[in-house]
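> Sharing a model prediction with you, sequence too.
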Amino acid sequence: MKSAKVQHLEMFADIRVKIDELEDYNESYFESDRADVLYAKNDEIQLILRDMAPSTREEQIEHSFLIGKALVMSTDDHNPEADANLSNAIRLDATHADSLYYLTQSSLNAGDIYMAHSCIERLLRLSSDPRHQSLYTVVLRRLYAWNKSIQVHPSLAAPQNPAQFMDQALRISARLAISAPNDSVLWDRYALAALFIQTMRKSPATESDVKSLRTAIVALDKAAAIDGSRGRGTNPDRAYNRRMAERMIEEAGRV
(Lines give C-alpha, C1' and ligand atoms only; values in the text may rest on other atoms or scores of the structure.)
Protein backbone atom coordinates (compact mmCIF):
# COMPACT_ATOMS: atom_id res chain seq x y z
CA MET A 1 0.00 0.00 0.00
CA LYS A 2 1.31 3.43 -0.95
CA SER A 3 2.09 5.92 1.78
CA ALA A 4 0.17 9.19 2.02
CA LYS A 5 3.30 11.05 0.88
CA VAL A 6 3.66 8.92 -2.28
CA GLN A 7 -0.05 9.31 -3.02
CA HIS A 8 0.20 13.09 -2.66
CA LEU A 9 3.27 13.31 -4.91
CA GLU A 10 1.55 11.22 -7.58
CA MET A 11 -1.55 13.43 -7.36
CA PHE A 12 0.60 16.54 -7.62
CA ALA A 13 2.29 15.18 -10.76
CA ASP A 14 -1.09 14.43 -12.35
CA ILE A 15 -2.45 17.85 -11.42
CA ARG A 16 0.61 19.58 -12.90
CA VAL A 17 -0.12 17.90 -16.25
CA LYS A 18 -3.75 19.02 -16.18
CA ILE A 19 -2.92 22.62 -15.28
CA ASP A 20 -0.25 22.70 -18.01
CA GLU A 21 -2.95 21.62 -20.48
CA LEU A 22 -5.08 24.59 -19.43
CA GLU A 23 -2.09 26.90 -19.81
CA ASP A 24 -1.52 25.52 -23.31
CA TYR A 25 -5.13 26.36 -24.12
CA ASN A 26 -4.71 29.91 -22.81
CA GLU A 27 -1.77 30.39 -25.16
CA SER A 28 -3.23 28.79 -28.28
CA TYR A 29 -7.02 29.31 -28.50
CA PHE A 30 -8.57 25.88 -28.92
CA GLU A 31 -12.24 25.58 -29.80
CA SER A 32 -14.71 26.86 -27.18
CA ASP A 33 -16.14 23.48 -26.19
CA ARG A 34 -12.64 22.33 -25.28
CA ALA A 35 -12.24 25.49 -23.21
CA ASP A 36 -15.37 24.66 -21.22
CA VAL A 37 -14.00 21.19 -20.45
CA LEU A 38 -10.60 22.54 -19.41
CA TYR A 39 -12.00 25.25 -17.14
CA ALA A 40 -14.30 22.69 -15.51
CA LYS A 41 -11.21 20.55 -14.88
CA ASN A 42 -9.48 23.54 -13.31
CA ASP A 43 -12.37 23.99 -10.87
CA GLU A 44 -12.19 20.28 -10.07
CA ILE A 45 -8.44 20.50 -9.53
CA GLN A 46 -8.85 23.35 -7.05
CA LEU A 47 -11.42 21.34 -5.07
CA ILE A 48 -9.08 18.34 -4.95
CA LEU A 49 -6.18 20.49 -3.77
CA ARG A 50 -8.25 22.17 -1.08
CA ASP A 51 -9.27 18.78 0.30
CA MET A 52 -5.64 17.68 0.63
CA ALA A 53 -3.72 18.05 3.88
CA PRO A 54 -0.01 18.18 2.99
CA SER A 55 2.23 17.33 5.89
CA THR A 56 5.85 17.61 4.75
CA ARG A 57 7.53 20.85 3.69
CA GLU A 58 7.96 19.45 0.16
CA GLU A 59 4.24 18.71 -0.08
CA GLN A 60 3.29 22.13 1.32
CA ILE A 61 5.42 23.90 -1.29
CA GLU A 62 3.93 21.93 -4.17
CA HIS A 63 0.41 22.29 -2.76
CA SER A 64 0.65 26.09 -2.41
CA PHE A 65 2.25 26.44 -5.83
CA LEU A 66 -0.38 24.36 -7.64
CA ILE A 67 -3.29 26.20 -6.03
CA GLY A 68 -1.67 29.53 -6.93
CA LYS A 69 -0.98 28.51 -10.52
CA ALA A 70 -4.48 27.08 -10.99
CA LEU A 71 -5.96 30.38 -9.79
CA VAL A 72 -3.72 32.44 -12.11
CA MET A 73 -4.69 30.18 -15.03
CA SER A 74 -8.40 30.43 -14.32
CA THR A 75 -8.75 34.16 -15.07
CA ASP A 76 -6.95 37.23 -16.43
CA ASP A 77 -8.19 39.19 -13.42
CA HIS A 78 -6.16 39.51 -10.25
CA ASN A 79 -6.88 36.96 -7.53
CA PRO A 80 -5.35 37.78 -4.09
CA GLU A 81 -5.65 34.11 -3.09
CA ALA A 82 -3.26 33.22 -5.90
CA ASP A 83 -0.73 35.71 -4.50
CA ALA A 84 -1.11 34.28 -0.99
CA ASN A 85 -0.48 30.70 -2.11
CA LEU A 86 2.43 31.51 -4.41
CA SER A 87 4.00 33.73 -1.73
CA ASN A 88 3.68 30.89 0.76
CA ALA A 89 5.51 28.52 -1.61
CA ILE A 90 8.28 31.13 -1.96
CA ARG A 91 8.39 31.61 1.83
CA LEU A 92 9.00 27.88 2.20
CA ASP A 93 11.48 27.76 -0.69
CA ALA A 94 13.01 31.08 -1.76
CA THR A 95 14.41 29.39 -4.90
CA HIS A 96 11.05 28.10 -6.17
CA ALA A 97 11.29 29.48 -9.71
CA ASP A 98 7.83 28.37 -10.86
CA SER A 99 6.15 30.26 -8.03
CA LEU A 100 8.12 33.41 -8.80
CA TYR A 101 7.09 33.12 -12.46
CA TYR A 102 3.37 32.93 -11.71
CA LEU A 103 3.57 35.54 -8.95
CA THR A 104 5.05 37.86 -11.59
CA GLN A 105 2.07 37.12 -13.84
CA SER A 106 -0.38 37.65 -10.99
CA SER A 107 1.27 40.96 -10.08
CA LEU A 108 0.92 42.10 -13.70
CA ASN A 109 -2.77 41.17 -13.55
CA ALA A 110 -3.03 43.34 -10.43
CA GLY A 111 -1.25 46.25 -12.12
CA ASP A 112 1.47 46.10 -9.44
CA ILE A 113 4.46 46.77 -11.67
CA TYR A 114 6.87 47.16 -8.74
CA MET A 115 6.03 43.71 -7.34
CA ALA A 116 6.17 42.19 -10.83
CA HIS A 117 9.62 43.66 -11.40
CA SER A 118 10.84 42.50 -8.00
CA CYS A 119 9.64 38.94 -8.68
CA ILE A 120 11.07 38.72 -12.20
CA GLU A 121 14.43 40.08 -11.07
CA ARG A 122 14.61 37.36 -8.39
CA LEU A 123 13.54 34.75 -10.92
CA LEU A 124 16.18 35.69 -13.47
CA ARG A 125 18.88 35.30 -10.83
CA LEU A 126 17.72 31.69 -10.45
CA SER A 127 16.77 30.66 -13.97
CA SER A 128 17.84 31.06 -17.59
CA ASP A 129 14.63 29.49 -18.95
CA PRO A 130 13.61 31.34 -22.18
CA ARG A 131 9.98 31.63 -21.00
CA HIS A 132 11.16 33.32 -17.81
CA GLN A 133 13.33 35.76 -19.76
CA SER A 134 10.44 36.37 -22.13
CA LEU A 135 8.14 37.34 -19.25
CA TYR A 136 10.77 39.94 -18.32
CA THR A 137 10.09 41.64 -21.68
CA VAL A 138 6.41 41.89 -20.72
CA VAL A 139 7.42 43.62 -17.48
CA LEU A 140 9.68 45.97 -19.45
CA ARG A 141 6.79 46.93 -21.75
CA ARG A 142 4.66 47.76 -18.71
CA LEU A 143 7.51 49.81 -17.25
CA TYR A 144 7.73 51.72 -20.52
CA ALA A 145 4.00 52.42 -20.48
CA TRP A 146 4.10 53.61 -16.86
CA ASN A 147 7.25 55.67 -17.32
CA LYS A 148 5.63 57.65 -20.12
CA SER A 149 3.83 59.57 -17.39
CA ILE A 150 5.59 58.88 -14.09
CA GLN A 151 9.16 58.46 -12.91
CA VAL A 152 10.17 54.87 -12.25
CA HIS A 153 10.51 54.01 -8.58
CA PRO A 154 14.18 54.31 -7.54
CA SER A 155 14.13 50.74 -6.19
CA LEU A 156 13.85 49.38 -9.73
CA ALA A 157 17.21 48.28 -11.11
CA ALA A 158 16.25 49.28 -14.65
CA PRO A 159 16.90 52.06 -17.18
CA GLN A 160 15.50 55.46 -16.25
CA ASN A 161 14.98 56.54 -19.87
CA PRO A 162 11.60 55.13 -20.98
CA ALA A 163 12.84 54.29 -24.49
CA GLN A 164 15.55 52.08 -22.99
CA PHE A 165 12.89 49.74 -21.59
CA MET A 166 11.61 49.02 -25.09
CA ASP A 167 15.08 48.75 -26.64
CA GLN A 168 15.96 46.16 -24.01
CA ALA A 169 12.65 44.31 -24.45
CA LEU A 170 13.09 44.18 -28.23
CA ARG A 171 16.67 42.87 -28.03
CA ILE A 172 15.77 40.15 -25.54
CA SER A 173 12.61 39.16 -27.43
CA ALA A 174 14.46 38.87 -30.73
CA ARG A 175 17.21 36.72 -29.23
CA LEU A 176 14.74 34.39 -27.51
CA ALA A 177 12.48 33.95 -30.55
CA ILE A 178 15.36 33.23 -32.91
CA SER A 179 16.83 30.70 -30.47
CA ALA A 180 13.45 28.90 -30.12
CA PRO A 181 12.02 28.79 -33.66
CA ASN A 182 9.09 26.53 -32.72
CA ASP A 183 7.78 28.46 -29.68
CA SER A 184 4.82 30.59 -30.78
CA VAL A 185 4.60 32.39 -27.42
CA LEU A 186 8.15 33.73 -27.80
CA TRP A 187 7.40 34.90 -31.36
CA ASP A 188 4.21 36.61 -30.19
CA ARG A 189 6.14 38.44 -27.46
CA TYR A 190 8.79 39.45 -30.01
CA ALA A 191 6.03 40.89 -32.19
CA LEU A 192 4.51 42.78 -29.26
CA ALA A 193 7.88 44.27 -28.33
CA ALA A 194 8.31 45.48 -31.92
CA LEU A 195 4.74 46.80 -32.07
CA PHE A 196 4.29 48.24 -28.61
CA ILE A 197 6.49 51.32 -28.82
CA GLN A 198 4.59 52.71 -31.81
CA THR A 199 1.17 52.11 -30.23
CA MET A 200 2.22 54.36 -27.33
CA ARG A 201 2.94 57.29 -29.65
CA LYS A 202 0.46 59.80 -31.05
CA SER A 203 2.50 60.77 -34.14
CA PRO A 204 2.70 58.77 -37.40
CA ALA A 205 5.37 56.06 -37.64
CA THR A 206 8.85 57.11 -38.72
CA GLU A 207 10.94 55.11 -41.19
CA SER A 208 12.55 53.31 -38.25
CA ASP A 209 9.13 52.61 -36.73
CA VAL A 210 7.86 51.17 -40.03
CA LYS A 211 10.79 48.75 -40.00
CA SER A 212 9.80 47.63 -36.47
CA LEU A 213 6.17 47.28 -37.54
CA ARG A 214 7.17 45.07 -40.46
CA THR A 215 9.25 43.01 -38.04
CA ALA A 216 6.16 42.63 -35.87
CA ILE A 217 4.13 41.34 -38.83
CA VAL A 218 6.81 38.79 -39.71
CA ALA A 219 6.92 37.59 -36.09
CA LEU A 220 3.11 37.36 -35.87
CA ASP A 221 2.99 35.32 -39.08
CA LYS A 222 5.72 33.05 -37.72
CA ALA A 223 3.72 32.46 -34.52
CA ALA A 224 0.57 31.75 -36.55
CA ALA A 225 2.45 29.25 -38.74
CA ILE A 226 3.78 27.43 -35.67
CA ASP A 227 0.30 27.14 -34.16
CA GLY A 228 -1.18 26.14 -37.51
CA SER A 229 1.29 23.29 -37.87
CA ARG A 230 0.10 21.98 -34.49
CA GLY A 231 -3.60 22.20 -35.27
CA ARG A 232 -4.19 25.05 -32.85
CA GLY A 233 -7.04 27.50 -33.27
CA THR A 234 -6.81 31.06 -34.58
CA ASN A 235 -5.58 33.61 -32.05
CA PRO A 236 -7.84 36.71 -32.35
CA ASP A 237 -5.36 38.95 -30.53
CA ARG A 238 -2.69 38.05 -33.07
CA ALA A 239 -4.99 38.90 -36.00
CA TYR A 240 -5.91 42.22 -34.34
CA ASN A 241 -2.26 43.13 -33.76
CA ARG A 242 -1.41 42.35 -37.38
CA ARG A 243 -4.20 44.61 -38.67
CA MET A 244 -3.05 47.38 -36.33
CA ALA A 245 0.54 47.14 -37.61
CA GLU A 246 -0.67 47.23 -41.23
CA ARG A 247 -2.84 50.28 -40.50
CA MET A 248 0.06 52.20 -38.90
CA ILE A 249 2.32 51.39 -41.86
CA GLU A 250 -0.37 52.62 -44.24
CA GLU A 251 -0.84 55.83 -42.26
CA ALA A 252 2.92 56.46 -42.30
CA GLY A 253 2.89 56.18 -46.09
CA ARG A 254 0.38 59.04 -46.37
CA VAL A 255 2.59 61.52 -44.50
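Great, that's in hand. Predicted model, so just to flag it, every value in this text is computed and none were measured.
> Now do the domain split for the chain, please.
1-127, 152-255 (automatic domain parsing).
> looking at it, residue 98 is touching residue 66, isn't it?
No. Judged on CB atoms under 8 Å, residue 98 makes no contact with residue 66 at a distance of 9.5 Å. Using the backbone N, CA and C atoms, a C-beta is placed for each residue, glycine as well.
> Mind checking which of these two has more residues around it?
residue 66 (25 against 21; other CB atoms under 10 Å).
> The strand or helix carrying residue 176 - what's its average pLDDT?
Using DSSP states H and E, residue 176 sits within helix 162-179. Per-residue pLDDT over helix 162-179 has a mean of 84.
> Quick check: what element follows that helix along the chain?
Using DSSP H and E, the helix or strand that follows helix 162-179 towards the C-terminus is helix 184-199.
> Quick one: mean pLDDT over that next one.
Here helix 184-199 scores 83 as its mean pLDDT.
> Ok, stretch 136-154 next?
Across stretch 136-154, pLDDT averages out at 69.
> and what of stretch 210-217?
For stretch 210-217, mean pLDDT rounds to 90.
> Name the residues that touch it?
170, 190-192, 194-195, 197-198, 205, 241-242, 245-246, 248-249, 252 (CB atoms under 8 Å, 6 or more residues apart in numbering).
> what do you get if the cut-off is 6 Å, keeping everything else the same?
When contacts are defined by CB atoms under 6 Å, 6 or more residues apart in numbering, stretch 210-217 is touched by residues 191, 194-195, 242, 245, 248-249, 252.
> how about it: buried residues?
Using 16 or more other CB atoms under 10 Å as the test for burial, stretch 210-217 gives 210, 212-213, 215-217.
> Give me the distance between it and the centre of its chain.
What separates the centre of stretch 210-217 from the centre of its chain is 22 Å, taken as CA atoms, centre = their mean, to the nearest Å.
> same thing with stretch 104-121?
Here stretch 104-121 is found 11 Å from its chain centre; the criterion is CA atoms, centre = their mean.
> ends of that stretch, how far apart?
Start and end residues of stretch 104-121 are separated by 10 Å (CA to CA, to the nearest Å).
> Apart from its neighbours in sequence, what residue is nearest residue 12?
Leaving aside its chain neighbours, residue 12 sits nearest to residue 62 (4.8 Å; criterion: CB to CB, 6 or more residues apart in numbering).
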